[in-house]
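1. Sharing a model prediction with you, sequence too.
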Amino acid sequence: MADIEALNEEEPEVPTIFKKATRAVSLKFEDVVYKVKLTKAGFCGKIVKAEEKVILKGITGKVLPGEMLAMLGPSGSGKTTLLTALGGKLGGLLDGNISYNGKSFSNSMKRNMGFVTQDDVLYPHLTVTETLVFTALLRLEDSFTTEEKIVHAESVITQLGLTKCKNSIIGGPFLRGVSGGERKRVSIGQEMLINPSLLFLDEPTSGLDSTTAQRIVSNLWELAKGGRTIVMTIHQPSSRLFYMFDKVLLLSEGSPLYFGEGSQVMDYFSSNGYAPAVPMNPADFLLDLANGVSSNSDVPGSVKQKLVSAYKSNLANKLRSEAQEIDDPPQDGLNDQKVARWATTWWQQFSVLLRRGVKERKYDSFSGLKIAQVLVVALLSGLLWWQSDVSHLQDQMGLLFFYSGFWGFFPLFQAIFTFPQERSMLEKERSSGMYRLSSYFMSRIVSDLPMELVLPTIFVSITYWMAGLKATPGNFLQTLFVLLYSVLVSGGLGLALGCSGAGPKICDHTGIGNHAIVPARRATDTYPCGGGGGAAGGACLVGDYPAIKQVGLDGQVLAAVALGIMLVVYRLVAYFALMRIGVTRK
Ligand SMILES: Nc1ncnc2c1ncn2[C@@H]1O[C@H](COP(=O)(O)OP(=O)(O)OP(=O)(O)O)[C@@H](O)[C@H]1O
């Protein structure tokens, strides 16, 4: 432990709010079994065979406040699945008992629990401080003022040693931001904000150098010593890390090989005939055993089988009776019924999400690059259709079709392609009960509006006059209005496709947009048509122009109603598709 103390010497004083857990939680799990149904599709996607695969084969254990449990095992042994089950995030065929202070999973537990996923799901353009402040504003209860929430976020930054990079952006695949270790600490910080009594972490040290890994685990060790219960999966910890864990669970293909004190694990295996031939990192030795590799030739037969049987005869019953012991439930004074489902009001959630959404969109759909793209296309099309007077009605029609085509697809693809990134964020935040779906959805619709309204307005304002369309304010405004209406519908379609994961399969509505956009010319306007058939001798009615006649100008009200229905229905489809995301066990 001298190492930990040495590492923490440089750390600033821990703010008092994080010194102690507000509520101690004993986590117990007994005979946890998880199965999945694997289906084999035959001809025409017809399901011909459904097999059951057992992922977790009866895991038992208990972790008390102040303890840190490490789950070890080869890749695919079931560590993440068990962690997800213990974190109340796994539905389906889950059997066995999981209890928190002797009770089942509840809203109050959800609000006292942090879950750090393996992948850091963070907005790339926000800074470390912004990321943590937005999370604090959403996750901390109404009883804190906004200033207190900001102070809380700053305390987490200090405690996790993020002060040096607090104004740096998080970054992403093509955007340089903070380092991997700093990103991980930001993810941990997001969970620490609520001062959780129970913290789950999926491989918090993967991909990090051993010093950074050590620093992160030291932070977690400090948290555990403040009375919290910490459970994590970990890949090949170094020996100095290994000895920080109070308890260790070793898994092999879903079966437990050991659960108990970390300090006794080597004695347990050597008493069963398995000891390392040379001094080695205990974690490496355990992983070798879980992979069925042992240098010990005295013990014949399959190593894994032997260890599974040894667990059943030596540990299973003892652990089961320990898990059934009734510990004095900590007097936390929290009544599950009294804990409201959400920490903040609908309006607070909406306004914070809106501010965050607008900030993020400044770098995305409403960025300088996107505005420049639209300006360039507007100027080019203005030049292409430069002052095309009414004698070139076909050219003007072409421009109108271009309007509805371009502005039909631009917001559509924008919504389809940006949503997948947002989906994982929504999954993470909704599963931790951060906000209502409706407040997220409304904020998303409103924060998309600048892109959906301002960009087309700039576009039409440039091209309409450059192209010499009918130069009356009334016609201009009507054209603009119809285009904006169509853009909103298109954005809704993109949202529906993005949210449902359906991709660009549904036919577009631009045909109806064309129907409605023709107000740039009226059916009763005339154009010079060189005699013959002209209603006014050499001038023909715009409504009689073959291309316009084919689209028809009679159905404008019907088209507007159809667009109105789509405007609502697409958004409803998106909303219902999102209802499946981030739903957790209660
Ligand atoms: N829903 C599912 N359907 C099918 N197989 C699944 C499902 N969930 C998990 N599995 C399988 O269960 C096994 C355990 O997965 P899990 O992610 O828990 O392993 P892990 O020990 O965390 O692995 P890693 O260390 O690589 O992250 C894997 O073989 C995985 O493919």
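-> Ah, there it is.

2. Where do the strands of the stretch 351-500 of the chain begin and end?
-> Secondary structure of the stretch 351-500 of the chain (DSSP state E, counting those that start in this stretch): no strands present.

3. Help me confirm that I462 comes into contact with V377.
-> No: contact criterion Cβ atoms under 8 Å: I462 and V377 do not qualify, at 9.5 Å. Just so you know, the C-beta spots here come from the backbone N, C-alpha and C atoms, and that holds for glycine as well.

4. so where do the strands sit in the stretch 101-250 of the chain?
-> 113-116, 198-202, 229-233, 247-252.

5. mind checking the backbone torsions on the residue lying closest to W385 once chain neighbours are set aside?
-> Counting by Cβ to Cβ, 6 or more residues apart in numbering, the nearest residue to W385 once its immediate chain neighbours are dropped is A467, at 3.8 Å. Phi and psi for A467, reported as degrees, to the nearest 10, are phi -80, psi -10.

6. do you know how far T131 is from the ligand?
-> 25 Å (Cβ to the nearest ligand atom, to the nearest Å).

7. just use 38 as the starting number from now, easier for me
-> With 38 as the first residue, the last one maps to T168.

8. Can you give me the pLDDT of that residue?
-> Predicted confidence (pLDDT) for T168: 95.

9. ok, now G198?
-> For G198, the predicted pLDDT is 84.

10. what about it, neighbour count?
-> Using other Cβ atoms under 10 Å, G198 has 19 neighbouring residues.

11. now V491
-> Neighbour count of V491, defined by other Cβ under 10 Å: 14.

12. gap between the residue lying closest to it once chain neighbours are set aside and I495?
-> With sequence-adjacent residues excluded and distances taken as Cβ to Cβ, 6+ apart, V491 is closest to F403, at 7.7 Å. Relative to I495, F403 is positioned 12 Å away (Cβ to Cβ, to the nearest Å).

13. tell me which residues of the lengthiest strand in the chain are tucked away?
-> Criterion DSSP state E: the longest strand present in the chain is strand 84-100. Buried residues in strand 84-100, counted by 16 or more other Cβ atoms under 10 Å: 92-100.

14. So in the protein, which helix runs the longest?
-> helix 430-468 (DSSP state H).

15. And it, what does it pack against?
-> Contact here means 3 or more Cβ pairs under 8 Å, 6 or more residues apart in numbering; DSSP states H and E; on that basis helix 430-468 packs against helix 405-421, helix 474-486, helix 492-503, helix 510-537, helix 547-554, helix 583-588.

16. what's the angle from that helix to helix 474-486?
-> Orientation of helix 430-468 against helix 474-486 (axes from the mean of the first three to the mean of the last three Cα atoms, to 10 degrees) gives an angle of 150 degrees.

17. which parts of helix 430-468 are buried?
-> 430, 432-441, 443-449, 451-453, 455-456, 459-460, 462-468.

18. just stretch 517-527 next, same as before
-> Buried, per 16+ other Cβ under 10 Å, within stretch 517-527: 517, 519-527.

19. So G129 sits against V70, correct?
-> No: using Cβ under 8 Å, G129 makes no contact with V70, being 11.4 Å away.

20. Between the two, tell me which one has more neighbours.
-> More crowded of G129 and V70, by other Cβ under 10 Å: V70, with 16 against 10.

21. Please confirm that the more buried one is located within a strand.
-> Yes: the assignment for V70 by DSSP: H, G, I helix; E, B strand; the rest coil puts it in a strand.

22. what sits against the nearest residue to it once chain neighbours are set aside?
-> Nearest residue to V70, sequence neighbours excluded (Cβ to Cβ, 6+ apart): D132, at 4.3 Å. Residues in contact with D132 (Cβ atoms under 8 Å, 6 or more residues apart in numbering) are 68-72.

23. Name the helix or strand for D132, please.
-> For D132, the host element (DSSP states H and E) is strand 130-137.

24. Please point out which parts of that strand sit buried.
-> 131, 135-137.

25. and what of stretch 205-213?
-> Within stretch 205-213, the residues scored as buried using 16+ other Cβ under 10 Å are 205-208.

26. So which residues make contact with that stretch?
-> 159-165, 168, 214-215, 219-220, 223.

27. Would you convert these into CSV that also reports neighbour count?
-> Putting these into CSV (neighbours: other Cβ atoms under 10 Å) gives the following:
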residue, neighbour count
L159, 22
Y160, 21
P161, 16
H162, 20
L163, 20
T164, 19
V165, 28
T168, 24
G214, 19
V215, 22
E219, 23
R220, 22
V223, 27
